[in-house]
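> What shape does this take:
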Amino acid sequence: MSGIVFNQLPPNNFSPASWVETGFGGGASNLPRGTLIVGYTHGATPGPVLEPKLISGKTHEWPRNSQIASKIRAFRRVNPYGELWAVALDDPSGGTAATRDVTVTGAATEDGTIPVYVADHRVDVAVVSGDTAADVAAAIETAVGTLADAPATASAASAVVTFTAVFTAEEGNQIVIDFAPKQGQKIPAGLGGLTRGNLTSGAGNGDITTALATVKEKRFYAVDSGLVDSTAITDLVEEMARRWLGTVELHGQGFVGIQGAVAAMAALGTGYNAEEITAMGAGLSLSPPWDWASAAAAADVAKSDPVTGWLGVKLTGLDAPETEFDAGERNTLLAAGVSTFRVDSGGVILDRLVTTRSKDADDNTDVTLLPLSLRRTAEALAFDWDSRVYNKYVSKNFKLATAPDVQIPPPGSRILSQSALRSEAVAWFIEKRAAGLVQDIDAFIAALNVQKNSGDPMRMDSFFSTTVLRELVTLATRLEVN
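Numbers count the residues shown, from 1 in each chain. Below you'll find the model as predicted:
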């Protein structure tokens, strides 16, 4: 043992390794940027199930209207070329598809069209004056049937249109049906009953752990899940926490999507309360929240500098809600651990990405681990240092010297001493400072501790206290005019 305290690393190890345990106290990263998408498929020909697939462009083998296909499209619209893997789960056996009945009322008294939205998939339904409610319902069924990518189908019986999710799972309840919701759109006069609403009564939960098990120990920068039931969230958090262990060092961040009004999303964010996941808030967008998660993950993995923020990054292809959250509402969501967006010239741009960790273990407000940028910076530093010393020393089968008389090994001797490792750490810090990741070298050197492990003569322990640069969020000025 040494005087350095590790919270995760075991005291004994017999397989050659370099470990970096990451803790959060008081430029560009070369970290691998692969993304894993997990989502549902369905149908008689569901495509590959529980089989990791590398996605080249937008090409895949799943049904076009499946959840996983939708997530792949959302990712690729924001990040066309990033490394992307996907694992599909078949919709749960014994599950129930979410549905919504829409009852058309009245009769058309003018010609026109009804813009029908199944999630963010639009189809225009032609109406002529004199069409009855049953005529309109039948026309809606026919029109929706042309939407090859929509996550729900429609069937009409008299004046009632029943929308049904294409997969049987709880997440089907996130699908929105709406009629003429955009500025300048209208429903022809005389018709009623065509209002916004979510599908409901969807039930069934897949097991995300079976999907995650298929990728084994492959490193992913982002793990983007379309499963958001409470068990799936817990399992995702646990897997991402395991990946951050010092003996595993796979790191990465989980991404999920949530929807609704401010209060509802804030309640979900505070309920999750985990630094291991990022919850992208979709608000009242027509685009399903699972697509928002994929778009946010795509934007995050495309950003090379882990310290900087995401303000202004376009989330191409997502529906911009008619009512945008104001600054106060965005602040409420961020404080609750919900990532936010803005609407710019009719399109969606990111405001800020955060983790969902807003409270400590005693349920007190604690936003220390809220910034995703802090987590990404720690991840980049840990990966960089581990790669450096493993490739330079461990993989080259160096010898370890712990006595004072071998502190300056002869050139070419392949001997690592305490002083040599200390010098290596300082050189590394200087490089990371030049890259714009860390600062305050004097404090780093003062706190740097390299010790032999008294319980294991083949192990060297080191402790770094690193002050990182931070994401700029606020510039505050008080201007007095006399």
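> ok, residue 213 - contacts?
Applying C-beta atoms under 8 Å, 6 or more residues apart in numbering to residue 213 gives no contacts. In this view, the C-beta of every residue, glycine as well, is placed from N, C-alpha and C.
> who does the closest residue to residue 314 other than its chain neighbours bridge with?
Distances taken as C-beta to C-beta, 6 or more residues apart in numbering place residue 349 nearest to residue 314, at 5.5 Å, with adjacent residues excluded. Beta bridges link residue 349 to residue 314, residue 342, judged by DSSP bridges.
> show me what contacts residue 349?
So residue 349 contacts 311, 312, 313, 314, 315, 341, 342, 343 (C-beta under 8 Å, 6+ apart).
> List only buried entries from those.
313, 315, 341, 342, 343 (16 or more other C-beta atoms under 10 Å).
> Of those, which is the nearest to residue 384?
Residue 384 has its nearest neighbour among the buried ones among the contacts of residue 349 in residue 313, at 24.0 Å by C-beta to C-beta.
> mind listing what's buried in the helix or strand where residue 263 lies?
Assessed by DSSP states H and E, residue 263 sits inside helix 262-272. Across helix 262-272, burial judged by 16+ other C-beta under 10 Å covers 262, 265, 266, 268, 269, 270, 272.
> helices or strands up against it?
Under the contact criterion of 3 or more C-beta pairs under 8 Å, 6 or more residues apart in numbering; DSSP states H and E, helix 262-272 touches strand 253-258, strand 277-281, helix 327-335, strand 338-344.
> change it to 6 Å
helix 327-335 (3 or more C-beta pairs under 6 Å, 6 or more residues apart in numbering; DSSP states H and E).
> For the helix it packs on, C-alpha coordinates in PDB please.
Output in PDB follows, covering the C-alpha atoms of helix 327-335 (Å, rounded to 0.1, in the frame of the first residue of the first chain):
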ATOM      1  CA  ALA A 327     -34.700  31.900 -20.300                       C
ATOM      2  CA  GLY A 328     -36.300  31.300 -16.900                       C
ATOM      3  CA  GLU A 329     -37.800  28.000 -18.000                       C
ATOM      4  CA  ARG A 330     -34.500  26.900 -19.500                       C
ATOM      5  CA  ASN A 331     -32.800  27.800 -16.200                       C
ATOM      6  CA  THR A 332     -35.400  25.700 -14.300                       C
ATOM      7  CA  LEU A 333     -34.800  22.700 -16.500                       C
ATOM      8  CA  LEU A 334     -31.000  22.900 -16.400                       C
ATOM      9  CA  ALA A 335     -31.100  23.200 -12.600                       C
END
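> angle of it against strand 338-344?
Angle, helix 327-335 to strand 338-344, by axes from the mean of the first three to the mean of the last three C-alpha atoms, to 10 degrees: 150 degrees.
> Now do the buried residues in helix 327-335.
Buried residues in helix 327-335, counted by 16+ other C-beta under 10 Å: 329, 330, 332, 333, 334, 335.
> Now do that helix: distance to the chain's middle.
19 Å (C-alpha atoms, centre = their mean, to the nearest Å).
> Show me where the stretch 351-482 of the chain has its helices.
Remark: helices assigned in the stretch 351-482 of the chain by DSSP state H, counting those that start in this stretch are 372-389, 418-434, 441-447.
> Indicate which one of those is closest to residue 454.
Judging the helices of the stretch 351-482 of the chain by C-beta to C-beta, what sits closest to residue 454 is helix 418-434, at 13.1 Å.
> No more questions from me, cheers.
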